[in-house]
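Colleague: Following is a predicted model, sequence given first.
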Amino acid sequence: MGVLAFNTQQQKMDAVVSGISPITTKSYSMNGIGGGNVKWANQTFRFAADGSSATLTLRDRSSTTSSIDLLLDHVRVAMVSPPGAGADLVRNGSFESDYSGWLASGSTGIEIYGTSAATDGSRLLSFNVGNLPSGGTVSQSFDTVPGTTYWIAYDVAANGLTPKAASVLLTVRGSSQLLSRSTSVIGPDNYRIIWSMPQASTFVANSTRTTITFTDTTVDGGGVDLLIDWVRVHPLAPQSGPSPAALSSSTQTGSSTLSTTDESSPIVTPPTLIGVPGAMRVSLFAPQAGIYVLETSMNLNKWVLQQEIHADKPGMIDFEDRQPGKSRLFYRIGRR
Ligand SMILES: [Ca+2]
């Protein structure tokens, strides 16, 4: 939500969610900062679905409209946890209790960004704060049941004065490595924070203890901080219905590991492209492990790397392109 104003009047907006019956109504207000300037603030709320579909209505309720506009951008709906999943196993996954539950090394910091910037609560984890070298890590171990499938999700953003890439590597280890997922994000500018869609994956435990580790893999962290918030891990119910792969891909929240039967007979489908300029998502089934890259071009001649994803096994992968909308833009996908 944002306000473009030549005054400091207030703008109001309601967010209404209804399913089979009304679910929730949230009201938000912001004041302009004047001078024809724009002010933005992230607004987040949660709701419990009561059916297979829901309708979100965003309604301008401002009583003042002279020399002031109410703005809206980057509206997204994501799963808190999959239907029927068990309780969150991560202790202090939102960093609201600083490092409690986490082992940290290298350049990391807990920072208070406030509820309009963090995706859950007001604190978050920041890598290479103050232009210290990248390479910092945080990790946490928790009890798991071998053979059980777990769903892991977290939010990633970059924060800098100028647009610059930052990246984080998630690894999940039991008695061996279970998952490796890299996410690269490019912040906008002027320290505006635009979070990625939740990075979601599944893994199957092979030990009674499992460790998740986030490593800052940013190549050049000068002038950009990598932000992480709201790490959560939920056990999925025994699969009597949809497979973990179907669950994860139906939510479109990120790459997923596939069950063994899926691996033996990969289904190759064309990539899909959804979204609007400035918030595009390219999804595809990666038929084999490898590093997949998304590149963009305005003229089919010069190509620019936008994002790379390390897939450690076959599964769905999702690229996100948040660069400002262009009049014409081409995408290509490759595997290294
Ligand atoms: Ca938090």
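Modeller: Yes, it's here. Residues are numbered from 1 along each chain as shown.

Colleague: Quick check: residue 63 touching residue 12?
Modeller: Yes: shown here, residue 63 and residue 12 form a contact pair, counting by CB atoms under 8 Å, at 7.3 Å. (C-beta placed from N, C-alpha, C; glycine too.)

Colleague: residues in this structure within reach of the ion, list them.
Modeller: 94, 118, 120, 121, 123, 124, 229 (CB under 5 Å from the ion).

Colleague: Report how many residues lie close to the second one.
Modeller: By the measure other CB atoms under 10 Å, the count of residues near residue 118 is 26.

Colleague: which phi and psi does it have?
Modeller: Note on residue 118: its backbone torsions stand at phi -70, psi 150 [degrees, to the nearest 10].

Colleague: And for it, nearest residue in space, chain neighbours not counted?
Modeller: Nearest residue to residue 118 in three dimensions, chain neighbours excluded: residue 124, at 4.7 Å (CB to CB, 6 or more residues apart in numbering).

Colleague: and residue 326, which of the three is it?
Modeller: The three-state assignment at residue 326 reads coil, by DSSP: H, G, I helix; E, B strand; the rest coil.

Colleague: list the contacts for it?
Modeller: Contact analysis of residue 326 by CB atoms under 8 Å, 6 or more residues apart in numbering lists 277, 298.

Colleague: pLDDT score assigned to it?
Modeller: As predicted, residue 326 sits at a pLDDT of 75.

Colleague: any idea how far it is from residue 169?
Modeller: As judged by CB to CB, to the nearest Å, residue 326 and residue 169 stand 30 Å apart.

Colleague: Of residue 63 and residue 12, give the one with the bigger neighbour count.
Modeller: residue 12 (16 against 8).

Colleague: from what I can see, the more buried one looks like it's in a strand, true?
Modeller: Yes: according to three-state DSSP, residue 12 belongs to a strand.

Colleague: measure the nearest residue to it once chain neighbours are set aside to residue 112 for me?
Modeller: Once flanking residues are discounted, residue 12 sits nearest to residue 61: 4.2 Å by CB to CB, 6+ apart. As defined by CB to CB, residue 61 lies at a distance of 30 Å from residue 112.

Colleague: and what of residue 83?
Modeller: Applying CB to CB to residue 83 and residue 112 gives a distance of 33 Å.

Colleague: again, but for residue 23
Modeller: Residue 23 sits 31 Å away from residue 112, going by CB to CB.

Colleague: repeat for residue 148
Modeller: The value you get for residue 148 to residue 112, if CB to CB is used, is 35 Å.

Colleague: With neighbour numbers in mind, choose between these two.
Modeller: Between residue 148 and residue 112, residue 148 has the larger neighbour count (other CB under 10 Å), namely 16 against 12.

Colleague: Was I right to think that one contacts residue 235?
Modeller: Yes: between residue 148 and residue 235 there is a contact under CB under 8 Å: 5.5 Å.

Colleague: tell me the strands in the stretch 101-250 of the chain, going along the chain?
Modeller: Secondary structure of the stretch 101-250 of the chain by DSSP state E, counting those that start in this stretch: the strands cover 103-105, 108-112, 123-127, 137-143, 149-160, 165-173, 177-186, 199-204, 209-216, 224-235.

Colleague: Low-confidence ranges, the stretch 201-336 of the chain, go.
Modeller: Filtered on pLDDT under 70, the stretch 201-336 of the chain yields the residue ranges 238-270.

Colleague: Pick out the residue of it closest to the ion.
Modeller: Closest contact between the stretch 201-336 of the chain and the ion, by CB to the ion, is at residue 229 (4.5 Å).

Colleague: Near that residue, how many other residues are there?
Modeller: For residue 229, using other CB under 10 Å, the count is 25.

Colleague: contacting residues around it?
Modeller: The contact partners of residue 229, taken as CB under 8 Å, 6+ apart, are 94-95, 118-121, 123-125, 154-155, 157, 195.

Colleague: Report how many residues lie close to the closest residue to it other than its chain neighbours.
Modeller: Spatial nearest neighbour of residue 229, excluding adjacent residues (CB to CB, 6+ apart): residue 124 at 4.0 Å. By other CB under 10 Å, 28 other residues sit near residue 124.

Colleague: all helices of the stretch 201-336 of the chain, in order?
Modeller: Applying DSSP state H, counting those that start in this stretch to the stretch 201-336 of the chain gives helices spanning 244-251, 260-264.

Colleague: care to break this protein down by domain?
Modeller: 2-71, 103-335 (automatic domain parsing).
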